[in-house]
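Student: when you get a sec, could you give me coordinates for this:
(one chain, ligands or ions: 1)
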Amino acid sequence: MRCTPEARAAALHDIDTRRLRRRRVPNDDRQVNFCSNDYLGLARDPEVAAAMASAARLHGAGAGASHLVSGHSTEHDALEHELAEFTERERALVFSTGYMANLGVLAALVDRNDVLVCDELNHASLIDAARLTRTPHHLRYTHADAGAAAELLRSADSALGAFVITDGVFSMDGDLAPLPALAAAARARQAWLVVDDAHGIGVLGDGGRGSCEFFGLGTKEVPVLIGTFGKALGTFGAFVAGDGDVIELLIQRARTYIYTTALPPAVATATRHALKKMRLEKWRREHLHSLVAHFRDGVRQRGLPVSDSSTPIQPLLLGSEDKALAASHRLGELGYRVTAIRPPTVPVGTSRLRITLSTAHSVAQVDGLLAALDQVMGDDAIVAGASVHESVTGVVA
Ligand SMILES: *Cc1c(COP(=O)(O)O)cnc(C)c1O
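Tutor: Got it, this is the predicted structure:
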């Protein structure tokens with residue numbers, strides 16, 4: 001883009017004409033939030049918040065430096081040990097965000113002599129991470145098609161190292177990666193399977209250990225496991241878990257680990273409390289899954305276009321940007337916050353309401369949302385996709 005006001009105006013105008021202008025809307029406590037990633041209701045948990053507050057009084061507001069200088073506190077250390085034990089891996093390493101974990105891990109482990117075999121719907125941070133590796137061998141397979149992944153692995157030059165990279169639970173669709181088949185394909189080619197389980201940790205598996213627990217896979221099948229704290233754990237930050245030498249290599253080489261300020265220790269403390277509650281308070285997962293089942297019964301009875309997802313991510317596919325925006329706007333008026341998700345976050349033509357359920361919801365609130373969907377989905381504007389976008393997006397002329 002040229003450095004002129006005209007070029008910037010043209011770029012913004014282009015975003016507007018494609019109905020892709022995004023607006024940040026501060027939370028309104030009068031609305032019930034059905035689009036956060038706080039699946040277990042831990043972000044607002046009083047005990048977790050109190051742990052963070054008292055840790056901040058003790059350790060201060062920030063880490064003061066990167067991990068390798070003087071920012072690595074006993075709280076980070078304890079959290080890493082607890083995460084290693086929890087994920088049943090030798091070691092875990094705390095990163096400041098999941099985005100940075102993905103960039104750091106792939107850039108540290110992958111070089112030009114490796115082939116990357118990636119699901120086409122992987123999270124944006126994994127796509128950027130793949131680019132950062134600078135390998136020219138960046139291949140994508142049809143979403144969740146393990147056979148296609150295996151074929152790409154087989155046809156790649158056998159002199160190259162190989163990595164299979166996938167979300168555990170897909171963030172915009174809520175479906176699971178076919179991990180057992182991907183693990184088998186990876187094993188046949190001596191490839192590493194890297195799983196970003198941002199939306200599985202805390203939610204899936206009896207013990208909340210995520211997609212790997214759900215499918216009964218260990219560190220042999222999934223040597224690199226990435227998880228985030230900002231989703232089900234309700235705090236902020238991320239981790240990578242694996243064998244000791246994998247983690248040691250990341251400490252030495254992952255630039256997004258080395259050259260950034262460590263997570264505030266109080267966030268590490270809060271995450272330790274959240275992890276403990278997530279493990280001990282099984283009712284959180286049980287209530288969540290019963291809400292998912294209840295919601296799915298409701299949408300099926302109504303014949304709504306819900307996807308095939310058994311996780312708390314329950315997108316309603318509406319197709320056009322206008323429809324998704326109009327539906328989101330109407331739900332907002334009825335007291336429900338459900339953000340419309342549009343390209344480039346999702347493929348063109350698959351704009352949607354990404355409805356997410358949380359332990360913090362009651363059955364009555366889910367029934368309220370279903371009743372609101374009844375009204376909204378019958379609306380002419382939504383059915384026909386009428387252009388109410390001016391009022392919806394508040395387009396700046
Ligand atoms: C949210 C998310 C991330 C990024 O994690 P942050 O800690 O929010 O940076 C990475 N991968 C997936 C699949 C995610 O959903």
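Student: what does this protein put close to the ligand?
Tutor: Proximity of the chain to the ligand (C-beta under 6 Å from any ligand atom) is limited to residues 97-99, 102, 123, 125, 167, 171, 196, 198-199, 228, 230, 238. Glycine gets a C-beta too; all of them are placed from N, C-alpha and C.
Student: report how many residues lie close to T97.
Tutor: 18 (other C-beta atoms under 10 Å).
Student: thought A107 was touching T133?
Tutor: Yes: using C-beta atoms under 8 Å, A107 is in contact with T133, at 5.7 Å.
Student: so where's the protein shaky on pLDDT?
Tutor: Residues of the chain meeting the criterion pLDDT under 70: 380-381, 383-397.
Student: which helix in it has the most residues?
Tutor: In the chain, with assignment by DSSP state H, the single longest helix is helix 282-302.
Student: what does it contact?
Tutor: Applying C-beta atoms under 8 Å, 6 or more residues apart in numbering, the external contacts of helix 282-302 come out as 39-42, 202-203, 206, 208, 277-278, 306, 310-312, 314, 316, 355, 357-359, 361, 363, 366-367, 369-370, 373-374, 377.
Student: need the buried ones from those selected in PyMOL.
Tutor: A single PyMOL command selects the buried members of the contacts of helix 282-302 (16 or more other C-beta atoms under 10 Å):
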select buried, resi 39+40+41+42+202+203+208+277+278+306+310+311+312+314+316+355+357+358+359+361+366+369+370+373+377
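Student: list the ones among the contacts of helix 282-302 that fall in helices.
Tutor: If you go by DSSP H, the contacts of helix 282-302 have K277, M278, V363, V366, D367, L369, L370, L373, D374, M377 in helices.
Student: can you tell me which of those lies nearest to P180?
Tutor: Nearest to P180 among these is M278, at 24.5 Å by C-beta to C-beta.
Student: which residues touch that closest one?
Tutor: L40, L42, G202, G208, A232, L233, R284.
Student: over to the residue nearest to the fourth one when sequence neighbours are not counted: give its phi and psi.
Tutor: This means G208. In space, and not counting its chain neighbours, G208 is closest to G202: 4.8 Å by C-beta to C-beta, 6 or more residues apart in numbering. Note on G202: its backbone torsions stand at phi 90, psi -20 [degrees, to the nearest 10].
Student: G202 touches L40, doesn't it?
Tutor: Yes: assessed by C-beta under 8 Å, G202 is found in contact with L40 at 5.7 Å.
Student: list the residues that contact both of these two?
Tutor: Taking C-beta under 8 Å, 6+ apart as the criterion, G202 and L40 both touch A232, L233, M278, R285.
Student: okay then, goodbye and thanks.
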